[in-house]
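Visitor: sequence below, structure please.
(2 chains)
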Amino acid sequence: MKLTTIDYAILILYFSFVIGIGWRLRRSVTTAGDFLTAGHKVPLWITSLAFLAANLGAQEVVGMCASGAKYGIMTAHFYWIGAVPAMLFVGVFMMPFYYGSRARSVPEYLKLRFDEKTRGLNAIAFAIMTLFSSGISMYALGRMFQLILGWSFDASVLLSAVIVLVYTYLGGLRSAIYNEVLQFFLIVIGFSPLSILAVQRAGGWAGMQQKLPDVMTHTWKYLGHASENPMGVEAFGLFAGLGFVLSFGYWCTDFLVIQRAMAAENMSDARRTPLLAAFPKMIMPFIVIVPGIAALALSKAGSGYSLPMKSPGVYDYDQSLTTLMAQFYPSGMLGVGLTALMASFMSGMAGNVTAFNTVFTYDIYQGYIRPKATDAHYLTVGRITTVVGIALSIATAYLATHFNNIMDFLQLVFGFVNAPLFATFLLGMFWKRTTGHGAFTGLLLGTGAAAATYGLTLAEDKGGWIANLHSFPSTMAQNFWIAIFAWSTCFLVTIVVSLATNPRPDNELRGLVYGLTDKPHETGINWYQRPVPLALVVCAALIVLNLLFL
Amino acid sequence: MLDLRLPSGLFFAITGILLMIYGIADPSRAPMTSANVNLYVGALMTAFGLILLLLARRGRKA
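Guide: Numbers count the residues shown, from 1 in each chain, chains lettered A, B, ... in the order given. Reported below is the predicted structural model:
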């Protein structure tokens, strides 16, 4: 792939707007709250799009396109089953506690609801996780631009890190959120033409159905048994593992996305943030997954395009997005597409860095290192944390170049951290009897159960370091089942330990637990703007989409 | 406070116009399509950018 002057011009134009937004927002930051929580003053349409975009990193875009080519339209389950229901749940049921408790972060909610040790465990696990995610994002960016453009790895990593540093340092969370929205627009405009052109060339959806095996163009038909579909999962594993544990664990408890909703101006907006984000989320498969399926159809049809091979007979699916761009985009549009890729890599980093900032400053520094300093002091700490966080991300990116397998393992460990957490929140928010000891023990043992499941089962040569009791048909099935075991263990242990320990009195739990909190009254807005009707509209649209691609 | 519609609108309008000019001036096409992708996407982008700018202007008056 070769870039020309116009492509570079677009890339540079984008960078200057990104930095310009940070520069213009620098004056909106006068307190630590402005810097770390955007002062609860971000308009609804911006929080909604940022809620979606914070998760739409480049690994997601590239990875979903690759999965489209590998597994077909079934990949859409990651959006329709694996995201939308959880987004509705967090908006309708959980946001009243996050926003209403006045907590500044998810770990801080754990402190208010449970105790110091539960918060500490979550804050530290989350801080490490965000640093690694941000580093992996940088590493992936460096490798990709090295592969497709021949840029130096060092130069891409340093350039993107410096740009992210400048705009997050200047404008804090607000600047990160604003740029995520710009990036979201760019992804949609940069990639939807690719989807249209590739599908058209492959003979439309009907033509693709003809060229491909039936399993690639149906979402539900082949879910009866794991052996019938290329994902190697069956309906139960998909629903319980992906649709329940992993998706609710991510969308309902991961501070990276919750932080966007918590930046909204009021409770009503905070609740509507994930609900409104669910609409574009449902449509994303047509922009990021469908091009992958078209790439496979084009390869099979001998149209002149073929997915590159990893080894004879084995496609390198990860290259489907970039090779399609090279075939369908002329200079100019190619620049737009690459800028969109670069932008999503950077927003992946910025999202993690801003979440890391807030958790480190409020939950670790203010919690354990210096509890009673002035606001100006925490603002300074927040800014320094930004610089340190990005430096550590760069270090992680370089670590990844040396230990590729370790990164695989670490990513798995992160799954261990998030999967049991949703059990803790579900019990904590909806069962007032849940105690701090219960939550803490449940989390620890739940994570242990995840590690044990990984150690006792094998899939595609992964896991099984203790013994091999069961073999899964795919690592995806293994991941789903690890999540199911981790969640169930945490759920049961938390209940048992809670019943054996002393509960907190009701008056301390007001605003933190369902049943002890006044239901938020949505006054002064139209019925169609209220959370529940909105969620029902999303559900109806979701059912229609699934029926269309049954 | 900065209205985000302003810089985003400006960015897409400028990029869109650049693409349209390039699409008209440069006759070369991508390997697998005969469509003038730059011209069409550029026009869409410009329209999107202008809509954002218009909304920002109305927001300021209100």
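Visitor: read off the pLDDT value for A:T396.
Guide: A:T396 carries a pLDDT score of 87 in this model.
Visitor: surely it touches A:M129?
Guide: No: counting by C-beta atoms under 8 Å, A:T396 does not reach A:M129; the two are 11.2 Å apart. To be clear about C-beta, it is placed using only N, CA and C from the backbone, and glycine gets the same treatment.
Visitor: in chain B, where's the longest helix?
Guide: Secondary structure of chain B per DSSP state H: the longest helix is helix B:37-61.
Visitor: what does the domain assignment say about chain A?
Guide: As given by automatic domain parsing, the domain ranges for chain A are A:5-402, A:403-519.
Visitor: want to throw those into JSON lines with mean neighbour count and distance to chain B?
Guide: Shown next, in JSON lines, are these (neighbours: other C-beta atoms under 10 Å in any protein chain shown; distance: least, C-beta to the nearest C-beta, whole Å):
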{"stretch": "domain A:5-402", "mean neighbour count": "21", "distance to chain B": "4"}
{"stretch": "domain A:403-519", "mean neighbour count": "19", "distance to chain B": "29"}
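Visitor: of the ones you listed, which shows the lowest average pLDDT?
Guide: domain A:403-519 (a mean of 83).
Visitor: next to chain A, which bits of chain B? Give me the list.
Guide: Contact residues, chain B versus chain A (C-beta under 8 Å from any C-beta of the partner chain): B:1-2, B:4, B:7-8, B:10-12, B:14-15, B:18-19, B:22-23, B:26, B:28-33, B:35, B:37-38, B:40-42, B:44-45, B:48.
Visitor: out of those, name the ones that lie in helices.
Guide: Per DSSP H, the residues of chain B next to chain A map to helices at B:7-8, B:10-12, B:14-15, B:18-19, B:22-23, B:37-38, B:40-42, B:44-45, B:48.
Visitor: for PyMOL, what selects the buried ones among the residues you listed?
Guide: Applying 16 or more other C-beta atoms under 10 Å in any protein chain shown to those leaves a buried subset, and the PyMOL line that selects it is:
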select buried, chain B and resi 7+8+10+11+12+14+15+18+19+22+23+37+38+40+41+42+44+45+48
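Visitor: in the helix or strand containing A:V532, what's buried?
Guide: Assigned by DSSP states H and E, A:V532 belongs to helix A:531-548. By 16+ other C-beta under 10 Å, the buried positions in helix A:531-548 come out as A:531, A:534-535, A:538, A:542, A:545.
Visitor: closest one of these to chain B?
Guide: The nearest member of the buried residues of helix A:531-548 to chain B, counting by C-beta to the nearest C-beta, is A:L534 at 22.1 Å.
Visitor: that closest one is in contact with A:A277, isn't it?
Guide: No: with contact defined as C-beta under 8 Å, A:L534 does not count as touching A:A277 (11.1 Å).
Visitor: helices of the stretch 151-300 of chain A, start to end?
Guide: All helices of the stretch 151-300 of chain A, identified by DSSP state H, counting those that start in this stretch, fall at A:153-201, A:204-211, A:235-237, A:247-253, A:255-262, A:267-288, A:290-300.
Visitor: which outside residues touch the third one?
Guide: Pointing back at helix A:235-237 there. For helix A:235-237, contacts defined as C-beta atoms under 8 Å, 6 or more residues apart in numbering or on different chains pick out A:220, A:223-224, A:226, A:477, A:480-481, A:484.
Visitor: got phi/psi on the nearest residue to A:G351 once chain neighbours are set aside?
Guide: Leaving out its chain neighbours, the residue that sits closest to A:G351 by C-beta to C-beta, 6 or more residues apart in numbering or on different chains is A:A54, at 4.1 Å. Backbone geometry at A:A54, expressed as degrees, to the nearest 10, gives phi -60, psi -30.
Visitor: contacts only, for A:A54.
Guide: A:A54 makes contact with A:180, A:256-257, A:260, A:347, A:351, according to C-beta under 8 Å, 6+ apart.
Visitor: now the two most distant members of those residues.
Guide: Greatest spatial distance in those: A:V257 and A:S347, 12.6 Å, computed using C-beta to C-beta.
Visitor: need the helices of the stretch 151-300 of chain A in TSV (columns: distance to A:A32).
Guide: Below are the helices of the stretch 151-300 of chain A laid out as TSV (distance: least, C-beta to C-beta, whole Å):
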stretch	distance to A:A32
helix A:153-201	9
helix A:204-211	51
helix A:235-237	44
helix A:247-253	24
helix A:255-262	15
helix A:267-288	20
helix A:290-300	43
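Visitor: any idea which of those helices gets closest to A:F35?
Guide: Smallest distance to A:F35 across those (C-beta to C-beta): 3.6 Å, for helix A:153-201.
Visitor: grab the nearest non-local neighbour of residue 14.
Guide: Went with chain A since none was named. In space, and not counting its chain neighbours, A:Y14 is closest to A:T339: 4.8 Å by C-beta to C-beta, 6+ apart.
Visitor: nope, chain B
Guide: Counting by C-beta to C-beta, 6+ apart, B:I14 lies nearest to A:L13, which is 6.5 Å off, once chain neighbours are set aside.
Visitor: so which strand or helix has the one you found?
Guide: Under the assignment here (DSSP H and E), A:L13 is part of helix A:5-25.
Visitor: wait, A:M429 sits on A:L516?
Guide: No: applying C-beta under 8 Å as the test, A:M429 and A:L516 come out as separate, 10.5 Å apart.
Visitor: by how many degrees do the helix or strand of chain B with the lowest mean pLDDT and helix A:5-25 diverge?
Guide: None of the helices or strands of chain B scores lower by mean pLDDT, DSSP states H and E than helix B:37-61, at a mean of 91. Angle between the axes of helix B:37-61 and helix A:5-25 is 20 degrees (criterion: axes from the mean of the first three to the mean of the last three C-alpha atoms, to 10 degrees).
Visitor: who does helix B:37-61 touch, helix- and strand-wise?
Guide: Other helices and strands packing on helix B:37-61, by 3 or more C-beta pairs under 8 Å, 6 or more residues apart in numbering or on different chains; DSSP states H and E, are helix A:153-201, helix A:333-358, helix B:5-25.
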